[in-house]
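Q: Here you go, sequence then predicted model.
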Amino acid sequence: MQRKRSIIGLFWLLTAAAVFAVLCFCGYSDGDDAYFYEYTHSMGFLEYLGWRYQTWVGRMTAEALVYLTFRLGLWFWRAVNAVMIVLLPAGVLRLAALAARVPEGSLMYWKESRPAVASGDYRDMGIGAAAAAAAGYFLMSVWTVGYAAVWVNGSIFYTWCFTCGVWALLPFAEYLFSTEEPVWGKGGWHVSAEGCRPWKFAVSVPCALIAAMSIEQMGAVLLVFELLGVWYVLAKWHRLQPLLAVQTAVTFAAFLVLFLAPGNAVRTAQEIINWMPQYAGMRFSEHLFLLVQWLLSSFANENKMFLCGIWIAGIMLLMQREKKGFWDWFLIVCAAVFTASFLLSLTGISVLSDMGLHLDITARVDAVPTAAQLTEQNLFAMGWCGAALLFTPVFLFRASGSQPVLLLAYLAGIASEAIMFFSPTMYASGARVYYLTDLLYLFVMLALSFGLSGEKSRRRYYGIVIIAAALHFLVQFPVVLHFIKF
């Protein structure tokens, strides 16, 4: 067992070294990176933070990291970014191993379900799980990885802060998914710090602070899961865990400071002018149409590989059941059909992925899309993708053995994109908006894989994921060349 864990540690070390080597070919961009470089070198630290908070954004912890990174230079960024790019999937793996349950039973008895990873340590599941988690980057759109992990400014706001968010949840997960016997109604209500290691919160609380005051998507998802965690502890054990409560309070306070920034209103007004002049005058129905079209298009194109990964894992879980009823077979067939249809776009067939959204996201949108512009093919594609998204929670709940955490993660992936309803930069924000959804769905994929019975089944699934990631990368290779500068 120790040898297996050492091999996985070596894998992550080599992965970080490979990422660092790639980042050595990356430098500052001519756009936002040049902007941040100029102002971080012309202002003091507190002066810079105060200026940004008053005139643009409330993401103070992320802005502090930006200031530090641009002052220390590219080699600092390359080293830290390589580590963060590795820590992110490793953290997702840890969360999945803690949350995963054996796919058996029903909703009535989900609290009594057995851990799929008895030790709670993903390393016991072999090198395949680590390789599949790392391959998650290749399941993403190249544009998503480019904007959120390779772009200097974008990597700080997204990869670094999302990594902090994932690791901030680990002490919560360790406590919530412990095997301690529930005390439903016994002993009354009480406060107890048992079951949590304080030194872990010395790391997770600062991580939560960084994540909550970065990208609003990450802060919202982190806060919701923390609130649900505190509520679950109160409901299950009639106990208030002070360390969990403190971290949640810190996250809430940071999120509040983020939204109360005077610069938010200034930023919104400026971005309406710069990116979508029609935004302020649109009716609710028009806003809703833009969101639905954009969201469905993202799942049919940028997020499709992760949906397919969830469907394939679910099919394998249902197939391993000894007794399969009519609904099991129905769900298997539907998932297989959706998987095949979503992969069609990899061959250049866009009939089920083209929803009439053809915009240059680098330019201002003076005329937003309208429902009247949609063709019958566009409407059919939107209906098909919508049906797939509605089918998935039912399928996921059945295949996972009624695991509510996986359902919440799936819904959080949709919500993290739906929040762009309130932003005039829905298009201009680019593919990096899909980053959090991809990570949440990677978590679901990995948690499902841990429920597969037998090492051979898990290896088969990880092999499918790795091969799919490699093929997806090859299909996108012409786009990859756009980022390479020798």
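A: Thanks, I have the structure now.

Q: C-alpha from now on. contacts and neighbour counts both.
A: Fine.

Q: list the contacts for Leu346?
A: 472, 475 (C-alpha atoms under 8 Å, 6 or more residues apart in numbering).

Q: Please compute how far stretch 229-241 lies from its chain's middle.
A: With C-alpha atoms, centre = their mean, to the nearest Å as the basis, stretch 229-241 stands 26 Å off its chain's centre.

Q: To clarify, my last question referred to stretch 262-280.
A: Mean-position distance between stretch 262-280 and its chain equals 26 Å (C-alpha atoms, centre = their mean).

Q: Same check on stretch 463-474?
A: Per C-alpha atoms, centre = their mean, the centroid offset for stretch 463-474 relative to its chain is 19 Å.

Q: Same check on stretch 31-47?
A: In terms of C-alpha atoms, centre = their mean, the gap separating the centre of stretch 31-47 from the centre of its chain is 28 Å.

Q: Can you get me the start-to-end distance on that stretch?
A: End-to-end distance for stretch 31-47: 22 Å, by C-alpha to C-alpha, to the nearest Å.

Q: Just the buried residues of it, please?
A: Buried positions in stretch 31-47, judged by neighbour count with 16 or more other C-alpha atoms under 10 Å: 33, 36-37, 40.

Q: Closest one to Asp354 out of those, please.
A: Nearest to Asp354 out of those is Asp33 (C-alpha to C-alpha; 32.6 Å).

Q: Surely the closest one touches Ile156?
A: No: using C-alpha atoms under 8 Å, Asp33 makes no contact with Ile156, being 11.2 Å away.

Q: Now do the helices in the stretch 51-200 of the chain.
A: Ranges of helices in the stretch 51-200 of the chain, per DSSP state H, counting those that start in this stretch, are 60-72, 74-99, 127-139, 142-145, 152-155, 161-176, 198-212.

Q: Can you name every helix or strand that the third one contacts?
A: If I follow you right, that is helix 127-139. helix 2-23, helix 74-99, helix 435-450, helix 455-475 (3 or more C-alpha pairs under 8 Å, 6 or more residues apart in numbering; DSSP states H and E).

Q: so the first one versus helix 127-139, what angle?
A: Right, the one you point to is helix 2-23. With axes from the mean of the first three to the mean of the last three C-alpha atoms, to 10 degrees defining the directions, helix 2-23 sits at 20 degrees from helix 127-139.

Q: Present the helices of the stretch 51-200 of the chain as CSV; the columns should include distance to Ser350, mean neighbour count and mean pLDDT.
A: Formatted as CSV, those follow (distance: least, C-alpha to C-alpha, whole Å; neighbours: other C-alpha atoms under 10 Å; pLDDT from 0 to 100):
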stretch, distance to Ser350, mean neighbour count, mean pLDDT
helix 60-72, 38, 20, 97
helix 74-99, 30, 22, 97
helix 127-139, 18, 22, 97
helix 142-145, 18, 21, 94
helix 152-155, 29, 24, 95
helix 161-176, 32, 23, 94
helix 198-212, 37, 22, 92
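
Q: In TSV, list those along with distance to Asn264.
A: Below are those laid out as TSV (distance: least, C-alpha to C-alpha, whole Å):
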stretch	distance to Asn264
helix 60-72	12
helix 74-99	27
helix 127-139	31
helix 142-145	25
helix 152-155	19
helix 161-176	19
helix 198-212	16
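
Q: Which one, of those, ends up nearest to Glu322?
A: Closest approach to Glu322 among the helices of the stretch 51-200 of the chain (C-alpha to C-alpha): helix 74-99, 24.1 Å.

Q: Just checking, which helix or strand of the protein averages the lowest pLDDT?
A: Least confident element among the helices and strands of the chain, by mean pLDDT, DSSP states H and E: strand 190-191 (a mean of 61).

Q: right, and Val92 touches Met445 too?
A: No: judged on C-alpha under 8 Å, Val92 makes no contact with Met445 at a distance of 10.5 Å.

Q: Okay, now the unreliable bits of this protein?
A: The chain contains residues with pLDDT under 70 at 1, 105-112, 179-195, 482-486.

Q: related to what we said a few turns ago, which of the buried residues of stretch 31-47 fall within helices?
A: If you go by DSSP state H, the buried residues of stretch 31-47 have 33, 36-37, 40 in helices.

Q: ok, these vs Trp311, which is closest?
A: When these are ranked by distance to Trp311 (C-alpha to C-alpha), Asp33 comes first, at 38.6 Å.

Q: and the nearest residue to that closest one once chain neighbours are set aside, what is it in contact with?
A: Distance criterion C-alpha to C-alpha, 6 or more residues apart in numbering; nearest residue to Asp33, sequence neighbours excluded, is Asn153 at 5.9 Å. Residues in contact with Asn153 (C-alpha under 8 Å, 6+ apart) are 32-33, 36, 66.

Q: OK, contacts around Ala130?
A: 8, 90, 93, 123.

Q: ok, now which ones touch the first one?
A: When contacts are counted by C-alpha under 8 Å, 6+ apart, Ile8 is found next to 123, 126-127, 130.

Q: Closest one of those to Ile310?
A: Ile310 has its nearest neighbour among those in Ala130, at 17.0 Å by C-alpha to C-alpha.

Q: got the contact list for the closest residue to Val465 other than its chain neighbours?
A: Residue nearest to Val465 in three dimensions, not counting chain neighbours: Ala132, with 6.1 Å by C-alpha to C-alpha, 6+ apart. Applying C-alpha under 8 Å, 6+ apart to Ala132 gives the contacts 462-463, 465-466.

Q: Apply 10 Å and report the result again.
A: Ala132 makes contact with 89, 93, 138-139, 442, 445-446, 459, 461-467, 469 under the criterion C-alpha atoms under 10 Å, 6 or more residues apart in numbering.

Q: With Ala313 instead?
A: Here Ala313 is in contact with 307, 319, 396, 399-400, 444-452, 458, 461-462, 464-465 (criterion: C-alpha under 10 Å, 6+ apart).

Q: Select only the buried ones of those residues in PyMOL?
A: Per 16+ other C-alpha under 10 Å, the buried members of the contacts of Ala313 correspond to this PyMOL selection:
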select buried, resi 307+396+399+400+444+445+446+447+448+449+450+451+452+458+461+462+464+465
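
Q: what does stretch 282-289 rub up against?
A: Stretch 282-289 has contacts (C-alpha under 10 Å, 6+ apart) with 279-281, 291, 294-295, 368-371, 418, 421-424.

Q: Settle this for me: Leu407 is touching Leu396, isn't it.
A: Yes: with contacts counted by C-alpha atoms under 10 Å, Leu407 reaches Leu396, the gap being 6.9 Å.

Q: Spit out the residues that contact those two alike.
A: Common neighbours of Leu407 and Leu396, using C-alpha under 10 Å, 6+ apart, are Val444.

Q: Dihedrals phi and psi, the closest residue to Ala399 other than its chain neighbours?
A: Closest residue to Ala399 apart from its sequence neighbours, by C-alpha to C-alpha, 6+ apart: Gly314 at 5.1 Å. With angles defined as degrees, to the nearest 10, Gly314 sits at phi -60, psi -40.

Q: show me the contacts for Gly314.
A: Here Gly314 is in contact with 308, 331-332, 335-336, 392, 395-400, 445, 448-449, 451-452 (C-alpha under 10 Å, 6+ apart).
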